[in-house]
Each structure stands twice: as C-alpha cells, then as structure tokens.
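Novice: only geometry, no sequence info:
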Ligand code: MG
C-alpha cells in the first residue's frame with residue numbers, strides 16, 4: 001500500500017465561477033486560477049500523484065501551458081488515473097477535506113462524490129468529501145480563499 005497527501009489553495013475573486021469537485025456552486029465569487037481552479041480536485045490529484053511517486057500537478061499540468069487554460073479539472077483527474085493504471089495502482093480510498101467559511105457545501109457533497117467516483121472509475125464508498133469552516137480564522141475564515149487537504153491509499 002502507498003499513502004499520499006495533497007494540499008491546495010486558491011484565492012476567491014469576483015467574476016469567476018465557483019467549481020468544487022466538478023460542481024458549479026452558486027456563490028458571489030469563484031476561485032481564481034489557470035484551469036477551472038477546482039481546489040478540491042487539485043488537492044486530490046496531488047494526493048494520488050504523491051502516493052504513486054509521480055511528482056505533482058504543477059509538473060504534470062503546468063499553468064504556463066495554454067492547453068490547460070479553463071480546463072475542467074475532472075479531465076485532468078482522468079489523466080492522473082490513467083497514469084496510475086499504467087503503474088498497476090488502484091485506489092484503496094481517498095478522503096478530502098475542504099476548508100471554506102462560505103458557502104455551505106453540505107448539500108453539494110453527494111454530487112461532488114459522484115463526479116469524482118465517475119472520473120476515477122471507482123465505487124462511491126472509496127471517495128469521501130468533507131467540508132469545514134475554520135471558525136472565521138485565517139485566510140479561509142476571512143473568505144480570501146478556499147483550501148483543501150486530501151489523503152489517499154493506493155494498492156499495488
Ligand atoms: Mg490548484
């Protein structure tokens with residue numbers, strides 16, 4: 001078994017859609033970034049790549065590459081999964097925690113899990129998503145940005 005951890009942060013800004021786990025969430029601001037800035041999927045991909053010993057998404061999908069401008073991060077996740085399969089690695093499970101003061105994400109989480117399970121081609125009970133506030137503290141608490149942690153186990 002191999003363990004991986006991923007962490008990512010994106011800034012909240014006006015004039016962008018808020019996409020988390022491939023779900024477009026109604027909110028007055030969205031995450032800034034080169035791709036769709038889906039911080040949840042980014043942290044998850046880094047956990048998977050970390051467990052596989054395959055560097056990170058900054059190396060794999062550089063934000064200087066015009067091919068990735070505005071791209072759905074779920075497509076990038078599918079590419080990460082192809083690489084894992086090439087190495088005969090399968091997902092034992094993955095667990096994701098989103099840190100956001102607002103909006104409340106609870107009702108969107110089932111759709112996020114469905115999107116992730118589909119992109120990863122794994123059963124729903126192998127991918128979990130949680131959300132928490134940080135009690136108004138720090139950059140997530142002030143609403144400057146959203147952060148995400150992810151951990152996973154890969155089986156050989
Ligand atoms: Mg990112």
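Specialist: On my side now, so go ahead. None of the values given here were measured: they were computed from a predicted structure.

Novice: For the rest of this, base every contact and every neighbour count on C-alpha atoms.
Specialist: Noted.

Novice: Now name the helix or strand holding the spatially most central residue of the chain.
Specialist: Computing the C-alpha centroid of the chain and ranking residues by Cα atoms, centre = their mean puts residue 41 first, at 1.7 Å. Assigned by DSSP states H and E, residue 41 belongs to helix 39-52.

Novice: Remind me what that helix packs against, helices and strands.
Specialist: Packing contacts for helix 39-52, counted by 3 or more Cα pairs under 8 Å, 6 or more residues apart in numbering; DSSP states H and E, involve strand 2-13, strand 18-20, helix 57-60, helix 73-86, strand 90-99, strand 145-155.

Novice: Distance to residue 46, mean pLDDT and mean neighbour count added to those, as CSV?
Specialist: Output for those, formatted as CSV (distance: least, Cα to Cα, whole Å; pLDDT from 0 to 100; neighbours: other Cα atoms under 10 Å):
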stretch, distance to residue 46, mean pLDDT, mean neighbour count
strand 2-13, 5, 98, 20
strand 18-20, 15, 98, 24
helix 57-60, 6, 94, 13
helix 73-86, 9, 97, 18
strand 90-99, 11, 98, 20
strand 145-155, 8, 98, 22
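
Novice: Let me know which of the ones you listed is the nearest to residue 130.
Specialist: Closest of the helices and strands packed on helix 39-52 to residue 130 is strand 90-99, at 4.7 Å (criterion: Cα to Cα).

Novice: which residue packs closest to the residue nearest to the centre of the chain, ignoring adjacent ones?
Specialist: Among residues not flanking residue 41 along the chain, residue 21 sits closest, at 5.8 Å (Cα to Cα, 6 or more residues apart in numbering).

Novice: Now do the contacts for that neighbour.
Specialist: Taking Cα atoms under 8 Å, 6 or more residues apart in numbering, we find residue 21 in contact with 38, 40-41, 74, 112-113, 115-116.

Novice: Could you work out the end-to-end span of stretch 101-120 for me?
Specialist: 28 Å (Cα to Cα, to the nearest Å).
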